[in-house]
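*Asks:* Task: produce atomic coordinates for the following.
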Amino acid sequence: MTLSIKPDSLSGAVLAAAPAMLDPNFNQSLVYLAEHNAKGALGVIMNRPLGRTLGEIASSPALPAGLLELPVFLGGPVQRSGLVLAVFHRGKTDEDLQCELHSDPLTLSELPAEKNCWVRAFLGYAGWGKGQLENELQQNAWNICVPHTVLLDEKCAPDLWRVFVGEDQRWRRLLPFLPKNPGLN
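*Replies:* Residues are numbered from 1 along each chain as shown. As a prediction, the model looks like this:
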């Protein structure tokens, strides 16, 4: 599976921590890279749900009602007390996933009504300075992966690292044949 990206940017890719990654901040993590350029990179960890909603942790009474039930994830080790909202848009395929980051929940007065759009809340984010991510990639600390909308399934999130980090990507071909809600079978 190849990732269609600009040669100088990994924006839109998913980084799967290599099995040897022992840093507890990133051990067995999947990071969606929202931004990557010559100045550095910024992303959010997709597979660490906190089991709480934004309404349960937010202290702002002005929070729009539509955002109160958003699941909250640990986004990374940078500014863990800060909130990042990510709006994910599916493109033409499940592997075409775009992301917009918002640091102020009031900029999203309501949830997008699009069918193929998801909003997630993150405490903190993952960030790299100039050349830092490239150095980690040279040390084989990360596997670069093609994104997939399965990253946005909160129930699957904790177990997704094993699927993404493996070289066998045949699971992607099976997804259209799986039931949308296995609990109803």
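*Asks:* what are the phi and psi values for residue 142?
*Replies:* The phi/psi pair for residue 142 (degrees, to the nearest 10) reads phi -130, psi 150.
*Asks:* nearest spatial neighbour of it, skipping sequence neighbours?
*Replies:* Nearest non-adjacent residue to residue 142, counting by CB to CB, 6 or more residues apart in numbering: residue 15, 4.3 Å away. Where C-beta positions appear, they are placed from N, C-alpha and C, glycine not excepted.
*Asks:* That neighbour: which element?
*Replies:* Assigned by DSSP states H and E, residue 15 belongs to strand 14-17.
*Asks:* That strand: partners in the sheet, and parallel or antiparallel?
*Replies:* Its sheet considered, strand 14-17 pairs with strand 30-37 (antiparallel), strand 142-145 (antiparallel) by DSSP bridges.
*Asks:* next one: the last one to chain centre, how far?
*Replies:* Yep, that's strand 142-145 we're talking about. Averaging C-alpha positions (CA atoms, centre = their mean, to the nearest Å) puts strand 142-145 13 Å from its chain's average.
*Asks:* Check the average confidence over that strand, would you?
*Replies:* What strand 142-145 shows for mean pLDDT is 93.
*Asks:* For that strand, which outside residues touch it?
*Replies:* 3, 10, 13-18, 21, 30-31, 133, 136-137, 164-165 (CB atoms under 8 Å, 6 or more residues apart in numbering).
*Asks:* Show me where this structure has its helices.
*Replies:* 54-57, 132-138, 160-165, 171-174 (DSSP state H).
*Asks:* Give me the mean pLDDT for the third one.
*Replies:* Confidence over helix 160-165 (mean pLDDT, whole number) is 86.
*Asks:* Report the buried residues of that helix.
*Replies:* 160-161, 163-165 (16 or more other CB atoms under 10 Å).
*Asks:* Could you verify my assumption that residue 123 touches residue 52?
*Replies:* No. Contact criterion CB atoms under 8 Å: residue 123 and residue 52 do not qualify, at 9.6 Å.
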